[in-house]
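> Have a look at this prediction, sequence included:
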Amino acid sequence: MIDIKDLHKSFGEAEVLKGIDLNVEKGEVVVIIGPSGSGKSTLLRCMNYLEVPTGGQVLVDGMDLQSADINKIRSEIGMVFQRFNLFPHMTVLDNIVLAPMKVRSITRSEAEKEAMDLLTRVGLANKAQSYPTQLSGGQQQRVAIARALAMKPKVMLFDEPTSALDPEMVGEVLDVMRSLAKDGMTMVVVTHEMGFAREVGTRLLFVDDGKIIEQGIPKDVFEAPQEDRTKLFLSKVL
Amino acid sequence: MSFDFNLVINSFPLLLAGALVTIKITLISVAMGIVIGMFVGIARVVHIKPIKWLAAIYVDFIRGTPLLVQIFIIYFALPLVIGIHMDPFLAAITACSINSGAYVAEIFRAGIQAVDEGQMEAGRSLGLTWPQTMRYIIIPQAFKSVIPPLGNEFIALLKDSSLVSVIGFEELTRRGQLIIARTYGSLEIWLSVAFIYLIMTVTISRLVAYLERRFDVKK
Ligand SMILES: Nc1ncnc2c1ncn2[C@@H]1O[C@H](COP(=O)(O)OP(=O)(O)OP(=O)(O)O)[C@@H](O)[C@H]1O
Ligand SMILES: [Mg+2]
C-alpha cells in the first residue's frame, strides 16, 4: 500500500531522514516511536508529500508520488494532526463535508448524510452544528478523524493524535482509533502511547536519528529489544 | 483677527459637495484597491517565483514613492508616453486605486500569513488544491484580521485624496482653496475643511469598530 525506498529528507544542511525503507501492507497498523526530533513526523509527512523528499521514492498503491496527481492521492490518504487543525470558521458538519463536496464532487445532501454517519461513529452526532472552539480537545480530535474518514481513505496517518490532549481525553480518541483498526483500516501512527502501540499495533518501528533502528511485533520489541538504542529509549519511556 | 461665522455657513454647502466628491473618489479607489490588493496579496504568497517578484516590485514601488509623485506621473508623465491625456477625475481615481492596491495587498498578505500553517496542511491533506484551500479555508479566516487595517487604509486614503487637488480635481481640499481665493477667509475655510475631514474619518473608524465586533460574534 505504501512503499518507501531509500527515503532521504534534508532541511537545508540538516539531514533529518537518512535512508528509510518501509513497506506498509493493507490492514497493517504500523506504530512509530522514537525520541523527539528523530524524524517521525517528517517520515509521516513524506507519505503524503506534505514534505517533499530530497532523495528516494514514496509509492502509494504503486504510484510514485513524485509524478502522480498529488491531490488525487492525498484525497485517499487521511491525516490526523497533533493540533487537530479543524477549520475554526466552519461548523463541525461543514468541516467534514467540504472536501467530499469539492474533491469527490458529491452533493451536499449526500455528503451531510455520510458526515452524520461518521459523527455518530465517533460519538458526536449532537455536535454537528457546533463550532470547533466550542468542543473539548478530545472532541475536536474525534471530529478531525471523522473529517479524514469522510474522504474514504485507504490509509490513515496519525501524528501524535493524543499529545495535545488533557490526560482524561486521551482514552476517547484512542477508542476511536482502536475501532478503526478493528474494522481493518490501514494505519500509520506516530505516538507516545506505548499501551496503545502494544495492543493495537501490528508492527512497531523504532526510529532514531533519521533511521529505522529496529522493528517487529510490538510485544517482541517491548519485551526483548535487540538494539542498545531501543533498550535505552524504552527504559526511559516505559 | 475676527472669525466670520457667516462665511462658514455660506460656504458649507459648497464644501459639503466637495466632501461628497472626496467620499466618491475614496470609495471607488478603495474598492478598486481591494480588488487589486486581493490578487496582488495572493500573488505574494504563491509558490511561483516570477509572479511573486512582480507583485513585490509593484508593492515596493508604490509604497516607496510619494502618492503626490505618482499622481504627477499619471497625470503629466504618462500622456507623454502613451499619448492619452486623462481628465483629472480619471487620473485621480487611477492614481489612488493603484496606490491603495499596494497597501491593501500588504494587508491581505499579512492576513493570509497570520492564518495558522496547519490550516493549509489540513486542506491539502484532504486532497483540496492550493486554490481551493485558499478560497474556502485561508481567505475566509484572513478576512477577519483584515478588517481593522482595511479601515485604517480607508481613512488614510480619504485624507491622502486631498493630494489630487494639485491636478485641479475639485474635491474637498480644492474646493476650500477656491473659496479662499475668492473670500480670503483662510482661517474659517481651512478649519471648516479640517472639521469635515474629521467627521468623515471618525465616522469610518466607528463603522469599522462595529464591523469588527459583528464579525467576532461567531467565533
Ligand atoms: N520545516 C522544517 N524546517 C527545518 N527543520 C525542520 C523542519 N521540520 C522539522 N525539522 C527538523 O527536523 C528534525 C526532525 O523533526 P520531526 O518533526 O520529524 O521530529 P519528530 O520525531 O516528529 O519529533 P517530535 O517527537 O518532537 O515530534 C528536527 O530536528 C526538526 O527541528
Ligand atoms: Mg513530531
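Perfect, I can see it now. This structure is a prediction, so every number in the text was calculated from the model and none was measured. Numbering: from 1, shown residues only, chains lettered A, B, ... in the order given. Ligands and ions are numbered 1, 2, ... in the order given.

> hey, where'd the strands end up in the chain?
You didn't say which chain, so I picked chain A. Taking DSSP state E as the test, the strands found in chain A are A:2-11, A:14-24, A:29-33, A:55-60, A:63-64, A:77-80, A:155-159, A:186-190, A:203-208, A:211-216.

> oops, I was thinking of chain B
Using DSSP E, strands in chain B do not occur.

> Enumerate the residues of it near chain A.
B:116, B:118-119, B:121-129, B:132, B:136-137, B:140-141, B:144, B:218-219 (CB under 8 Å from any CB of the partner chain). (Each C-beta comes from the backbone N, C-alpha and C, glycine too.)

> Which ones among those map onto helices?
Among the residues of chain B next to chain A, the residues falling in helices (DSSP state H) are B:Gly118, B:Gln119, B:Glu121, B:Ala122, B:Gly123, B:Arg124, B:Ser125, B:Gln132, B:Pro140, B:Gln141, B:Lys144.

> Around the closest residue to chain B within chain A, count how many other residues there are.
Using CB to the nearest CB, the closest approach of chain A to chain B is made by A:Ser75 at 2.6 Å. A:Ser75: 22 surrounding residues under other CB atoms under 10 Å in any protein chain shown.

> Over to B:Ile84?
If you count neighbours by other CB under 10 Å, B:Ile84 ends up with 8.

> What separation is there between it and chain A?
From B:Ile84 across to chain A, the span is 44 Å (CB to the nearest CB, to the nearest Å).

> Contacts only, for that residue.
B:Leu78 (CB atoms under 8 Å, 6 or more residues apart in numbering or on different chains).

> phi, psi of it?
Dihedral angles of B:Ile84 (phi, psi; degrees, to the nearest 10) stand at phi -110, psi 130.

> returning to that earlier point: can you flag the buried ones in the residues of chain B next to chain A?
Neighbour counting over the residues of chain B next to chain A (16 or more other CB atoms under 10 Å in any protein chain shown) leaves B:119, B:121-128, B:132, B:136-137, B:141, B:144 as the buried ones.

> Contact partners for A:Glu199?
A:Arg178.

> same deal with A:Gly39?
Here A:Gly39 is in contact with A:Lys9, A:Val16, A:Leu17, A:Val207, A:Asp209, A:Gly210 (criterion: CB under 8 Å, 6+ apart).

> if we go to 7 Å?
Counting by CB atoms under 7 Å, 6 or more residues apart in numbering or on different chains, A:Gly39 touches A:Val16, A:Leu17, A:Val207, A:Gly210.

> I'd like to know how many residues surround the spatially closest residue to A:Gly184 that is not a sequence neighbour.
Residue nearest to A:Gly184 in three dimensions, not counting chain neighbours: A:Gly27, with 5.4 Å by CB to CB, 6 or more residues apart in numbering or on different chains. Other residues near A:Gly27 come to 12 when the count uses other CB under 10 Å.

> go on, A:Asp228?
Neighbourhood size, A:Asp228 [other CB under 10 Å]: 9.

> what's the answer for B:Leu20, then?
12.

> how close does the nearest residue to A:Gln134 once chain neighbours are set aside get to B:Glu170?
Distances taken as CB to CB, 6+ apart place A:Lys127 nearest to A:Gln134, at 8.0 Å, with adjacent residues excluded. Counting by CB to CB, to the nearest Å, the separation of A:Lys127 from B:Glu170 is 59 Å.

> Closest one to ligand 1 out of the ones in helices among the residues of chain B next to chain A, please.
B:Glu121 (11.2 Å; CB to the nearest ligand atom).

> show me the contacts for that closest one.
Applying CB under 7 Å, 6+ apart, the residues near B:Glu121 are A:Leu50, A:Asn85.

> what's the pLDDT at it?
Per-residue confidence at B:Glu121 stands at 97 (pLDDT).

> and what of B:Met1?
pLDDT at B:Met1 comes out at 68.

> cool, and B:Gly168?
On the pLDDT scale, B:Gly168 gets 89.

> circling back: CSV please, covering the strands of chain A and showing distance to chain B and mean pLDDT.
What follows is the strands of chain A, written out as CSV (distance: least, CB to the nearest CB, whole Å; pLDDT from 0 to 100):
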stretch, distance to chain B, mean pLDDT
strand A:2-11, 15, 96
strand A:14-24, 17, 96
strand A:29-33, 17, 97
strand A:55-60, 13, 94
strand A:63-64, 14, 92
strand A:77-80, 4, 97
strand A:155-159, 8, 97
strand A:186-190, 13, 97
strand A:203-208, 21, 96
strand A:211-216, 23, 96
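
> Mind putting those strands into TSV with distance to ligand 1 and mean neighbour count?
Shown next, in TSV, are these (distance: least, CB to the nearest ligand atom, whole Å; neighbours: other CB atoms under 10 Å in any protein chain shown):
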stretch	distance to ligand 1	mean neighbour count
strand A:2-11	3	17
strand A:14-24	4	17
strand A:29-33	8	26
strand A:55-60	15	18
strand A:63-64	22	14
strand A:77-80	14	26
strand A:155-159	7	24
strand A:186-190	7	23
strand A:203-208	7	23
strand A:211-216	12	18
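
> re the thing from before, closest to B:Arg109 among the buried ones among the residues of chain B next to chain A?
B:Gln141 (14.1 Å; CB to CB).
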